[in-house]
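Asker: here you go, sequence then predicted model.
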Amino acid sequence: MPTSPSHATSRRSRFDRFAEASSAFVSSGTFFGVSLILVVLWMPTIAVFASVDTWQLVINTATSILAFLLVALLQNSERRKDQAALAKLDMLASGMAALMHYTVDGDEDALARQESALRDSLGLEQRI
């Protein structure tokens, strides 16, 4: 985790970018619509399978695999958002400490540095 927002890099791994794009797609209405259509199309396939048990096993296996993969992708996205939120909270606490120090000691340089760090924290979740 970066020690401050200015240490966060805009270079994220391919997996991080893929996970973020997947998270955006999975949380969209399009994904829900596609999922609903797949379930509706799957229902009449009972005629293809020899037994109801096999028919249920196919859909249960497919949905379990999909759910497992989606959890892994969404956890990556959530972890980065949590890291960004924690870094922002650290900067806010540091800024408040600098503000309190400024009001006591009149240290304008410390206050300016903290203001800059707080501004750097904006949009941090896109850089982690």
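Answerer: Right, received. Where do you want to start? Numbering: from 1, shown residues only.
Asker: could you use CA atoms for every contact and neighbour count after this?
Answerer: Noted.
Asker: tell me where the model's unsure across the chain.
Answerer: Segments of the chain classed as low confidence (criterion: pLDDT under 70) are 1-10, 100-107, 111, 118-119, 121-128.
Asker: ranges for the helices of it?
Answerer: Using DSSP state H, the helices assigned to the chain run over residues 14-26, 29-42, 52-105, 108-120.
Asker: TSV for the ones you listed, including mean neighbour count?
Answerer: What follows is the helices of the chain, written out as TSV (neighbours: other CA atoms under 10 Å):
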stretch	mean neighbour count
helix 14-26	15
helix 29-42	12
helix 52-105	15
helix 108-120	17
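Asker: quick check on the residue lying farthest from the centre of the chain: phi, psi?
Answerer: Distance from the C-alpha centroid of the chain, by CA atoms, centre = their mean, peaks at A50 (42.2 Å). In terms of degrees, to the nearest 10, the main-chain angles of A50 are phi -70, psi -30.
Asker: contacting residues around the residue nearest the centre of the chain?
Answerer: Nearest to the mean C-alpha position of the chain, by CA atoms, centre = their mean, lies S77 at 2.5 Å. S77 sits next to 16, 19-20, 23 when contact means CA atoms under 8 Å, 6 or more residues apart in numbering.
Asker: gap between Q75 and S51?
Answerer: According to CA to CA, to the nearest Å, Q75 and S51 sit 37 Å apart.
Asker: for stretch 25-38, list the C-alpha coordinates in CSV.
Answerer: Provided in CSV are the C-alpha atoms of stretch 25-38 (Å, rounded to 0.1, in the frame of the first residue of the first chain):
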residue,chain,number,x,y,z
PHE,A,25,-19.6,-4.9,-16.2
VAL,A,26,-20.9,-7.3,-13.5
SER,A,27,-22.5,-4.5,-11.6
SER,A,28,-24.3,-3.3,-14.8
GLY,A,29,-27.8,-4.0,-15.9
THR,A,30,-26.4,-5.5,-19.1
PHE,A,31,-24.8,-8.4,-17.1
PHE,A,32,-28.0,-9.0,-15.2
GLY,A,33,-29.9,-9.0,-18.5
VAL,A,34,-27.5,-11.5,-20.1
SER,A,35,-27.7,-13.7,-17.1
LEU,A,36,-31.4,-13.7,-17.1
ILE,A,37,-31.5,-14.5,-20.8
LEU,A,38,-29.1,-17.4,-20.2
